[in-house]
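Asker: coords please:
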Amino acid sequence: METGKQGAIPVVSLGARPRLESIDVVRGAIMVLMALDHVRDFFHHDALLFAPDDLGQTNVALFFTRWVTHFCAPVFFFLAGTSAFLSFGRGKSKNDLARFLVSRGLWLVFLELTVVRCLGWQFNFNYRVTGLLVIWALGWSMVVLAALIYLPRCLLTVFALVMIAGHNWVDSIQPENLGALAWLWKILHAPGEIQPFPGRTLPVVYPLVPWVGVMAAGYIFGALFKLERAERRKRLFWLGIGLTAAFVIVRAINVYGDPIPWTAQHSAFFTFLSFINCEKYPPSLLYLLMTLGPVIILLALLDRDLSSIWRPFIVFGRVPLFFYLLHLPLMHGMAVGLSYVKYGRADWLFFGPAGIPIFGAAYPHDYGYGLAGVYLIWIVVVGLLYPLCWWFARLKEGWRVTWLSYL
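Answerer: Predicted structure coming up:
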């Protein structure tokens, strides 16, 4: 184990190769952006009134505050697949990797339904409403990937491409037309509410298709990191350019790839916003091209010896689940505290965040802060999380025990 400058986290060798800090930086930056979106859900006054991508009501600053966070989920899934591939090259057999993916995936599902739900998003244990969110989908995608890794590479590539590029062909299939199988279609492709028992609702926010395909694509993508740096950078750069160009071309044609075509708006700039305003639930082909293309370009640009300015993102990128499990109760607790200061009560925050419509109706009409307040709280949250994540990153590197890999 090598140690850089004092205060830096250790750099661990992966066989003959150093740890890929470009992946850590991108993953860490995504965690920070994710926190911004969640702070907006808990603290922004306008979250009670309209969606930030509603072009009839939003403004440019609010639109981009939401839009930049669109990169988060695709990168979570894609780089999870890449990390799985790279871990296969560190002394793991395919059977070892499959077992790890299954156990890790089921652990994530458990965390989503317990810790994340009860201590993060909702601050209650009544289970009247339990969202099936990103950690849930990540977990099941890992379980599926555990089986997919045994496919020949060409078949796995076809599977990923068909799922990503082809799933919009079935957008017209509505759950209500499927009778008893409606619940299954909601889990697979069409977001909606499932009511397994009276008084219990499961909003499916992240259906598994095409997220499973995104993770599989990330697994295939991992092979590029076995190349020498110069060749790798070149291939990453042109792959990212190609995906980004494909987004522009397919979106301009405006026939396929997203359920909502772009339309002319009251100004050229808002027409541009319509152009880049793609569907996330589930992520359309164009949504994935728009986000993964630029991220792959960024991976190419960062694939070099990085200066210390990138260190905070490297820290966050090495402990993403730890960051995730801490950031929700931290910001939720801050929201409760500020509500008690302002109103003398905070019962609405024991249902869920203001930014989720099913909970927003319980909030006072004057709840929340402007966008400047949201950014200030976001900076405070990230600043408070940094020393904790730095400590845990050093703990993981210095104390190599299996259970820490699950955090």
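Asker: measure residue 142 to residue 187 for me?
Answerer: 16 Å (C-beta to C-beta, to the nearest Å). C-beta here means a position set from N, CA and C on the backbone, and glycine is covered the same way.
Asker: more neighbours: the two, which one.
Answerer: The neighbour count for residue 142 versus residue 187, taken as other C-beta atoms under 10 Å, is higher for residue 142 (25 against 21).
Asker: which SSE is the more buried one in?
Answerer: Using DSSP states H and E, the element containing residue 142 is helix 134-148.
Asker: so where do the strands sit in this protein?
Answerer: 13-14, 17-18, 192-197, 200-204 (DSSP state E).
Asker: hmm, residue 224 is touching residue 237, no?
Answerer: No: judged on C-beta atoms under 8 Å, residue 224 makes no contact with residue 237 at a distance of 11.0 Å.
Asker: quick one: contacts for the closest residue in space to residue 282 that isn't next to it in sequence?
Answerer: Nearest residue to residue 282, sequence neighbours excluded (C-beta to C-beta, 6 or more residues apart in numbering): residue 207, at 5.1 Å. Residue 207 makes contact with 137, 186, 187, 188, 189, 190, 191, 281, 282 under the criterion C-beta atoms under 8 Å, 6 or more residues apart in numbering.
Asker: isn't residue 368 right next to residue 47, touching?
Answerer: Yes: using C-beta under 8 Å, residue 368 is in contact with residue 47, at 6.6 Å.
Asker: what touches both of those two?
Answerer: In contact with both residue 368 and residue 47: residue 354, using C-beta under 8 Å, 6+ apart.
Asker: ok so, going back, need the pLDDT of the residue nearest to residue 282.
Answerer: Note for residue 207: predicted pLDDT of 97.
Asker: quick one: it from residue 185, how far?
Answerer: 8 Å.
Asker: same deal with residue 335?
Answerer: For residue 335 relative to residue 185 (C-beta to C-beta), the value is 35 Å.
Asker: tell me which of these two has more neighbours.
Answerer: Neighbour count, other C-beta under 10 Å: between residue 335 and residue 185, residue 335 has more, with 23 against 20.
Asker: quick check: closest non-adjacent residue to that one.
Answerer: Per C-beta to C-beta, 6+ apart, closest to residue 335 is residue 42, 4.6 Å.
Asker: neighbours around that neighbour, how many?
Answerer: Neighbours around residue 42, by other C-beta under 10 Å: 25.
Asker: check contacts around it.
Answerer: For residue 42, counting by C-beta under 8 Å, 6+ apart, the contacting residues are 331, 332, 334, 335, 349, 353, 354, 355.
Asker: what sits against residue 32?
Answerer: Counting by C-beta under 8 Å, 6+ apart, residue 32 has contacts 313, 316, 382.
Asker: sorry, wrong one. I was asking about residue 25.
Answerer: Contact analysis of residue 25 by C-beta under 8 Å, 6+ apart lists 302, 306, 310, 313, 314, 317.
Asker: the second one contacts residue 23, doesn't it?
Answerer: No: the pair residue 306 and residue 23 does not pass the contact test of C-beta under 8 Å, sitting 11.5 Å apart.
Asker: ok, the two, which is more surrounded?
Answerer: Comparing residue 306 with residue 23 by other C-beta under 10 Å, the one with more neighbours is residue 23, at 22 against 15.
Asker: from residue 347, how far off is the nearest residue to the more buried one once chain neighbours are set aside?
Answerer: Leaving out its chain neighbours, the residue that sits closest to residue 23 by C-beta to C-beta, 6+ apart is residue 79, at 6.1 Å. Separation of residue 79 from residue 347 (C-beta to C-beta): 39 Å.
Asker: just residue 104 next, same as before
Answerer: 36 Å.
Asker: more crowded one of these two?
Answerer: Under the criterion of other C-beta under 10 Å, the comparison of residue 104 against residue 347 puts residue 104 first, with 19 against 10.
Asker: verify the stated contact: that one with residue 406.
Answerer: Yes: in this structure, residue 104 is within contact of residue 406 by C-beta under 8 Å, at 6.4 Å.
Asker: ok so, going back, now mean neighbour count and distance to residue 66 too, for the strands of the chain, in a markdown table please.
Answerer: What follows is the strands of the chain, written out as a markdown table (neighbours: other C-beta atoms under 10 Å; distance: least, C-beta to C-beta, whole Å):
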| stretch | mean neighbour count | distance to residue 66 |
| --- | --- | --- |
| strand 13-14 | 13 | 36 |
| strand 17-18 | 13 | 36 |
| strand 192-197 | 13 | 22 |
| strand 200-204 | 18 | 19 |
